[in-house]
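Chemist: generate a structure from the sequence data that follows.
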Amino acid sequence: MNEANASTHRDLADDDVRKLRIDLAAAFRLAVEFDWHESVGNHFSAAVSADGKRFLMNPRWRHFGSIRASDLMLLDADDEEVMNRPDAPDPSAWAIHGAIHRRRPLARVLLHCHPPYSTALSTLKDPSMKPIDNNTARYFGRLAFDLDFGGIADEAAEGERLAKALGNHQTLLMGNHGVTATGDTVAEAFEDLYFFERAARTLILAYSTGKPLNILSDEVAEKTAEGWGPYKGAAFAHFDYLKTQLDKTDPSYRE
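Modeler: Residues are numbered from 1 along each chain as shown. Alright, predicted model coming up:
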């Protein structure tokens, strides 16, 4: 996330909010397809205001596989009465997403979940993403960490700490917990989550052999990470394709 892009953000018009709802709903459905969901927990959100404080998020205890665009709640990170209402969001969702949207307005979209390999990586004493191929090197010097897990994140202080840990990075590995991927758009955040889980899978599989890792030099790892820049547009092509597949099987996410 680049601070220089802050001025490009604006309050979204109604049509743009509608499109954002559809994309975010698609991300929920796709998370089920990729087996990144977990019962009726975990949460995705997306800012609709320039300051990031007004954002869309899934309702409490709604399965990812049933989320529709119209189901998404519109919340205000500064609203102190949110948790006192009958339709209050999940406490952990409010603690994490409310704080990050409030403190990190450049993180427009937040996808937080516990994918199998990313979560396995988060439980290691050294959860760093070792650069051993293209995908793992994508995160070289570009990954934030929070290693102060203290249980389910349902307190304001926890959210504030996670927002601070994320800083200006795009991806946050949460020790003993999971991962949060961010982006300017749903497509970009989804692509980040997609590649992070693939990278974690490669690393965990490599660890499982018990053989020494052939870790890239810092110079090569940085070159590889920078080499991903020209492929930024692939996120949109990938996400558009995935939505066409959803449209063939169950387009109800658009409702």
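Chemist: not counting stretch 193-212 itself, show me its contacts.
Modeler: With Cβ atoms under 8 Å, 6 or more residues apart in numbering as the test, stretch 193-212 has contacts from 34, 36, 111, 113, 115-118, 120-121, 129-130, 132-133, 135-136, 138-139, 171, 179, 181, 213, 238. C-betas here are computed from N, CA, C, even on glycine.
Chemist: got a quick ChimeraX command for the buried subset of those?
Modeler: In ChimeraX, this line selects whichever of the contacts of stretch 193-212 come out buried by 16 or more other Cβ atoms under 10 Å:
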select :36,111,113,115,117,118,120,121,129,130,132,133,135,136,138,139,171,179,181
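Chemist: show only the entries of the contacts of stretch 193-212 found in helices.
Modeler: Secondary structure defined by DSSP state H assigns 116-118, 120-121, 135-136, 238 of the contacts of stretch 193-212 to helices.
Chemist: now for these: which two are most distant?
Modeler: Ala120 and His238 (24.1 Å; Cβ to Cβ).
Chemist: with adjacent residues omitted, what lies nearest to Ala234?
Modeler: Nearest non-adjacent residue to Ala234, counting by Cβ to Cβ, 6 or more residues apart in numbering: Glu191, 7.2 Å away.
Chemist: residues contacting that neighbour?
Modeler: Counting by Cβ under 8 Å, 6+ apart, Glu191 makes contact with 183, 234-235, 238-239.
Chemist: swap in Phe64?
Modeler: By Cβ under 8 Å, 6+ apart, the neighbours of Phe64 are 28-29, 31-32, 37, 42, 58.
Chemist: what about Asn176, how many neighbours?
Modeler: Neighbour count of Asn176, defined by other Cβ atoms under 10 Å: 15.
Chemist: run a quick neighbour tally on the closest residue to it other than its chain neighbours.
Modeler: Leaving aside its chain neighbours, Asn176 sits nearest to Phe149 (4.0 Å; criterion: Cβ to Cβ, 6+ apart). Phe149: 14 surrounding residues under other Cβ under 10 Å.
Chemist: and Phe149, which of the three is it?
Modeler: Recorded secondary structure, Phe149: coil (DSSP: H, G, I helix; E, B strand; the rest coil).
Chemist: surely it touches Met174?
Modeler: Yes. Under the criterion of Cβ atoms under 8 Å, Phe149 makes contact with Met174 at 7.0 Å.
Chemist: okay if I get the ones in helices among the contacts of stretch 193-212 as TSV plus distance to Ala206 and pLDDT?
Modeler: Below are the ones in helices among the contacts of stretch 193-212 laid out as TSV (distance: Cβ to Cβ, whole Å; pLDDT from 0 to 100):
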residue	distance to Ala206	pLDDT
Pro116	16	98
Tyr117	11	98
Ser118	15	98
Ala120	12	98
Leu121	11	98
Asn135	12	98
Thr136	9	98
His238	25	98
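Chemist: same list (the residues you listed) but as TSV, adding distance to Ala187.
Modeler: Shown next, in TSV, are these (distance: Cβ to Cβ, whole Å):
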residue	distance to Ala187
Pro116	23
Tyr117	22
Ser118	19
Ala120	26
Leu121	24
Asn135	18
Thr136	22
His238	7
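Chemist: of these, which is the nearest to Ala47?
Modeler: Among the ones in helices among the contacts of stretch 193-212, and counting by Cβ to Cβ, the member closest to Ala47 is His238, at 22.0 Å.
Chemist: spatially nearest residue to that closest one (excluding sequence neighbours)?
Modeler: Nearest to His238 is Glu191, by Cβ to Cβ, 6+ apart, at 6.1 Å.
Chemist: same question, Arg29
Modeler: Leaving aside its sequence neighbours, Arg29 sits nearest to Tyr253 (Cβ to Cβ, 6+ apart; 4.9 Å).
Chemist: the one you found belongs to a strand, doesn't it?
Modeler: No. Under three-state DSSP, Tyr253 falls outside any strand and is assigned helix.
Chemist: list the contacts for it?
Modeler: 22, 25-26, 28-29, 67-69, 246.
Chemist: same thing with Ala163?
Modeler: 99-100, 102-104.
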